[in-house]
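1. What would the 3D arrangement of this be:
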Amino acid sequence: MRLDRTKFAILLLGLGLMCAVPRLLAKKKDESASISAEDRRRALHALNRLTFGPRPGDVEQVLAMGVDKWIDLQLHPERIDDSALDARLEPLRTLRMSSREITEDFPDPQEINQVMNGKRPMPSDPARRLIYEVQLARLQDRKDRKEDAGKNAVAAAAPDKANNGPAEGSAMNGADGDMNSAARSEAAAGIQNAPDNENIMATASAWAKPAPADEERTRRREEQLYADVELQQLPSLPPDERFRRILAMPVSEQISLADSMRGGKGQEFLVGLAPQQKETLLAMNNPGGVVTSELAQAKILRAIYSQQQFEEVMTDFWINHFNVFMDKGLDRLMITSYERDVIRPHALGRFEDLLVATAKSPAMLFYLDNWLSVGPNSSQALGIPPRGQGPYGRPQGRLNPGKRPSGLNENYGRELLELHTLSVSGGYSQRDVTEVAKVFTGWTIDKPAFGGGFKFEPRMHEPGPKLVLGHRIKENGEREGLEALHRLATSPRTAHFISLKLAQRFVSDDPPQALVDRMTKTFLKKKGDIREVLLTLFHSPEFWDDSTYRAKVKTPFEFVASAVRATGAEVDNALPLTRQLNNMGMPLYGAQPPTGYSMKAETWVSSSALLNRMNFALALTNGRMRGVTVDAAQLAGGVAGTPDAMAALPALEASLIAGGVSKQTHDSIAAQIEGAKQNGPGDRGGAHKGAARPAEVNMIAGLLLGSPEFQRR
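-> Numbering: from 1, shown residues only. Sure, this is the predicted structure:
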């Protein structure tokens, strides 16, 4: 089945989603037990909202436990064994490293430059040293090229001196009189003007002599040929021997190896290597990329395989609410700790604890530039020396008198009020933004380039009281920030805003006001206990109302994770899945604005977006997603052996979309099956005539994953 033959189906299926198809309820009686269709639908609804989508058999497990007991268990992830996931994450070593360790093992360009300038020592560990040496060589090459370009520009602008002979010191490569190619050209042009035969012979002799530049090029070509042969032999060596050989290579050969592995190529060099060895080779090209790649792989593996599904859903919710863009400089080295140590431990705790943790996080301080914010009247802004205090605390003098740069940065103050707590309509003014920014001056990072943590720097802090939202905050150093965060965390406006966002995530894009009000009341009564607010939500009639069933369009991340879970696919390499999210416009940790990614349907529903999703679904079910395996015969209990593809359709509908499909979806896919029968290739793979081939089953499964019903949760 060619992809271009599914365009008609894509249009039909997409039309239903884009036009906000009403509830698609094809209720069916349970054939194997007394459990009602309503009970199954309730279990499916809970799975769609509290997890990244049901896996084969999940509905039955939830029904066996009881929906309410299952929800309570998910609200207490510490009771759930997740050791199977831990084993999958074990090779991703950076997940367990501190920011300082990440900085040392995976240096950014600034750190490499410090080593080049002698400000930091070269590491002694051979694996670390390999990364540094390759990065140093590349940095030096860039500098050399830049310098050569500058020289060439100067030479091009200089007046032509060819007829006057080479200037002293400009044509010679050394004391022995060797000449470069430019000098020889000048010599050739000036032979006819030479004053005597002696000069002619000297010039001719210089001309005939091989140029050092030519010799260097020849030498490099020979070295490259030798290096190519060495690289071709590497994959055949045992892993440890292969790695030792790479460590012993000259830097030029190591760079050749790194170049051959760009863009995901050269996977044969990685086969059989230990996790740290793989990281080392991958880091030769992009040290920071290894860190962010492992973090993205872990996120999607957790979404697919974690038994603590609700904790993963809430971790995703909060890291989006308190968004940090990983590609802003040092944040790519800090974001691992941000998710692990700041977001995840507080995902179901008290909102105030989460708010304080994010405010003190180096990742957030760096992302919103608060680590650089200096009070206009602080000691640092006034140029007062650290120990230059006279009697009664008065300064004895200033550095750079007359210069008083404020250095106040309002980024964090604005986003704290607008996005993290009160909301854009939270009743604050620009003056409040400025005053909050002053409160948080001095909240900075201790040696950020070395992976340092939070630090309060009194010399950067704005002195004096501040007036925030009508409340006077006395001068109290770091405690001013804690007081401001407490007032914001306990504000009724914050309680309403957080309750609204939770209801939008778990109920609908426009949740009932009565539900949000009850959640707000719980938030204030329970002092911002997130778990208690969610209990109010999940025990509400609004959550279980028919109007909420399949009312939420999945984000690309939710769609990809749910598709893999629904098919029971085995993921040996999560990188292709993360790349699919890039294609769908939702790179993990890649939201640049502080708003994060939208949860609303309007952001993700378009013809191009639906086409990307359909392409992914068909690639997944047809085995074209490298590192991800789907067993066609097991998709619906061996339907690949049914009499024909049309008979397989209902079984796959029940397996992949437990809540049933609409007549429009069913008829559209049936038309594709009929079209494939009439126009497709003959029987292959030894299947008896008329039987459903695995390829047909895969095609049907892909179309179902691309249906409006599966796009919704």
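
2. starting at the chain centroid, how far to the host helix or strand of residue 69?
-> Following DSSP states H and E, one finds residue 69 within helix 67-74. In terms of Cα atoms, centre = their mean, to the nearest Å, the centre of helix 67-74 is set 31 Å apart from its chain centre.

3. Quick one: the helices in the stretch 301-450 of the chain, in order.
-> 309-321, 331-337, 351-360, 362-367, 379-382, 411-415, 430-439 (DSSP state H, counting those that start in this stretch).

4. In what element of secondary structure is the closest residue to residue 653 other than its chain neighbours found?
-> Closest residue to residue 653 apart from its sequence neighbours, by Cβ to Cβ, 6 or more residues apart in numbering: residue 661 at 5.2 Å. To be clear about C-beta, it is placed using only N, CA and C from the backbone, and glycine gets the same treatment. Using DSSP H and E, residue 661 sits in no helix or strand.

5. now swap in the one 5 residues further on and tell me
-> Using DSSP H and E, residue 666 sits within helix 663-679.

6. After that helix, which helix or strand is next?
-> Next along from helix 663-679, by DSSP H and E: helix 694-705.

7. and that next one, how far from the chain's centre?
-> Distance, centroid of helix 694-705 to centroid of chain: 30 Å (Cα atoms, centre = their mean).

8. For that helix, which helices and strands make contact with it?
-> On a contact count with 3 or more Cβ pairs under 8 Å, 6 or more residues apart in numbering; DSSP states H and E, helix 694-705 meets helix 556-567, helix 607-621, helix 645-656, helix 663-679.

9. redo that, cut-off 6 Å
-> Helix 694-705 sits against helix 607-621, helix 645-656, with contacts defined as 3 or more Cβ pairs under 6 Å, 6 or more residues apart in numbering; DSSP states H and E.

10. With only the CA atoms kept, save that helix in CSV.
-> The C-alpha trace of helix 694-705 is given here as CSV (Å, rounded to 0.1, in the frame of the first residue of the first chain):
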residue,chain,number,x,y,z
PRO,A,694,0.9,-8.7,7.4
ALA,A,695,1.4,-5.7,5.1
GLU,A,696,-2.4,-5.2,4.9
VAL,A,697,-2.8,-5.5,8.7
ASN,A,698,0.0,-3.0,9.2
MET,A,699,-1.7,-0.6,6.7
ILE,A,700,-5.0,-0.9,8.5
ALA,A,701,-3.3,-0.3,11.9
GLY,A,702,-1.6,2.8,10.6
LEU,A,703,-4.8,4.2,9.2
LEU,A,704,-6.5,3.6,12.6
LEU,A,705,-3.7,5.4,14.5
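
11. and residue 258, how many neighbours?
-> By the criterion of other Cβ atoms under 10 Å, residue 258 has 24 neighbours.

12. meant to ask about residue 467
-> Residues near residue 467, counting by other Cβ under 10 Å: 12.

13. which residues does it contact?
-> residue 435 (Cβ atoms under 6 Å, 6 or more residues apart in numbering).

14. any idea which helix or strand carries it?
-> Assigned by DSSP H and E, residue 467 falls in strand 466-468.

15. Which residues does the helix or strand following that strand contact?
-> Downstream of strand 466-468, the next assigned helix or strand under DSSP H and E is strand 471-473. With contacts defined as Cβ under 6 Å, 6+ apart, strand 471-473 is touched by 465-466, 480, 483.
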